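Engineer: Predicted coordinates and the sequence they were generated for:
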Amino acid sequence: QVQLVESGGGLVQAGGSLRLSCAASGRTFNSNGMGWFRQTPGKEREFVAVINWSGSSTYYADSVKGRFTISRDNAKNTVALQMNNLKSEDTAVYYCAAHAGRWLERLSLSKYEYWGQGTQVTVSS
């Protein structure tokens with residue numbers, strides 16, 4: 001059974017930091033891009049960041065660029081999202097996902113074939 005399990009969410013004050021982790025089991029994702037998305041109630045799931053299979057390429061939403069850093073450890077089958085200088089608008093449930101398409105399709109939600117269950121991030125102002 002393929003699973004992606006996020007951890008590291010929580011409550012933090014504005015300006016603080018959190019590090020999210022996503023652990024994969026059931027298969028390796030060393031040849032997949034891995035992405036992070038977030039969602040708040042009543043809104044569509046929003047792209048946050050993506051990293052290619054080797055870690056050599058990353059891409060970020062404008063809203064998090066310069067504050068968030070995505071990384072991966074293929075030996076451990078994990079992907080992380082370091083979030084610094086958090087803002088209240090970063091409050092959301094964060095999901096990791098495995099990308100099954102080409103790099104050009106990195107923003108297409110339909111190309112993400114596996115999703116985690118999400119972890120809540122709450123930033124208090």
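Structural biologist: Cool, got the structure.
Engineer: where along the chain do the helices fall?
Structural biologist: In the chain, no helices are found when defined by DSSP state H.
Engineer: How much space separates the residue most central in space within the chain from N77?
Structural biologist: Nearest residue to the geometric centre of the chain (C-alpha atoms, centre = their mean): W36, 2.0 Å. The gap separating W36 from N77 is 16 Å, by C-beta to C-beta, to the nearest Å. Where you see a C-beta, it was placed from the backbone N, CA and C, and this is true even at glycine.
Engineer: Check L86 too.
Structural biologist: Taking C-beta to C-beta, one finds L86 at 27 Å from N77.
Engineer: More neighbours: the two, which one.
Structural biologist: Neighbours per residue (other C-beta atoms under 10 Å) separate L86 from N77, with L86 holding more: 22 against 18.
Engineer: Can you tell me the closest non-neighbouring residue to the more buried one?
Structural biologist: V123 (4.6 Å; C-beta to C-beta, 6 or more residues apart in numbering).
Engineer: quick one, what contacts that neighbour?
Structural biologist: Applying C-beta atoms under 8 Å, 6 or more residues apart in numbering, one finds that V123 lies in contact with 11-14, 16, 86-91.
Engineer: Of the residues you listed, which belong to strands?
Structural biologist: 11-13 (DSSP state E).
Engineer: one step back: buried among the contacts of V123? Need that as a selection in PyMOL.
Structural biologist: Per 16 or more other C-beta atoms under 10 Å, the buried members of the contacts of V123 correspond to this PyMOL selection:
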select buried, resi 12+86+90+91
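Engineer: and the two most separated of the contacts of V123?
Structural biologist: Pairwise distances across these (C-beta to C-beta) peak at 15.3 Å, for the pair L11 and E89.
Engineer: What is the burial count for the residue nearest to Q13 when sequence neighbours are not counted?
Structural biologist: Spatial nearest neighbour of Q13, excluding adjacent residues (C-beta to C-beta, 6+ apart): S124 at 5.5 Å. By the other C-beta under 10 Å criterion, the neighbourhood of S124 contains 11 residues.
Engineer: In contact with S124, which residues?
Structural biologist: Applying C-beta under 8 Å, 6+ apart, we find S124 in contact with 11-14, 88.
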